[in-house]
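# Sequence and predicted structure are below.
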Amino acid sequence: MNITQLKIGLLQLNDSKWKKLLDVFRDRYIPIAFIKDENNYFAEAIEHQGEYFYRVDGVTVQAEQYEYERVIHNPRLYCFSSALKLHHRIRKAKELGLGLDWPKSKAAPSNIFDLDKITQEKRS
């Protein structure tokens, strides 16, 4: 099993207030609560037995190999990035209660949005 730790965040095109703040506190201890929010968090990209996964806060979703590789090389949230696609997939898995306690139970599938549509159609 190969696990890569990632710091996911928004794409910053200039010197943002966060970058300036982090430069001031570079060598000091900062509680995680101050740097973690909906768009800034820690994630794991996982390769296990030829399959690829993405995990945030204990929720794991399946990923394609290209998503796995791209999120490692570019962990920024912006239009069309793999990180943004995986970010929304994790959010949907949390809503549906899927992907918890992996590898003991199954990870949420990569087609999670299709599953939601099928579930809604069955209810109708």
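Noted; the coordinates are in hand.

# And the closest residue to residue 106 other than its chain neighbours, how far from residue 86?
Distances taken as Cβ to Cβ, 6 or more residues apart in numbering place residue 99 nearest to residue 106, at 7.6 Å, with adjacent residues excluded. In short, each C-beta sits where N, CA and C put it, glycine included. Residue 99 sits 12 Å away from residue 86, going by Cβ to Cβ, to the nearest Å.

# State the distance from residue 63 to residue 37.
Applying Cβ to Cβ to residue 63 and residue 37 gives a distance of 23 Å.

# With neighbour numbers in mind, choose between those two.
residue 63 (25 against 10; other Cβ atoms under 10 Å).

# for the residue most central in space within the chain, helix, strand, or coil?
The chain has residue 87 as the residue nearest its centroid, 4.5 Å off, counting by Cα atoms, centre = their mean. Following DSSP: H, G, I helix; E, B strand; the rest coil, the label given to residue 87 is helix.

# Nearest residue to it in space, please, no chain neighbours.
Distances taken as Cβ to Cβ, 6+ apart put residue 77 closest to residue 87, at 5.8 Å, once the chain neighbours are dropped.

# Could I get the full set of strands for the chain?
Ranges of strands in the chain, per DSSP state E, are 2-10, 41-48, 51-56, 59-63, 76-77.

# and those as a markdown table, adding distance to residue 110?
Formatted as a markdown table, the strands of the chain follow (distance: least, Cβ to Cβ, whole Å):
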| stretch | distance to residue 110 |
| --- | --- |
| strand 2-10 | 18 |
| strand 41-48 | 14 |
| strand 51-56 | 9 |
| strand 59-63 | 4 |
| strand 76-77 | 18 |
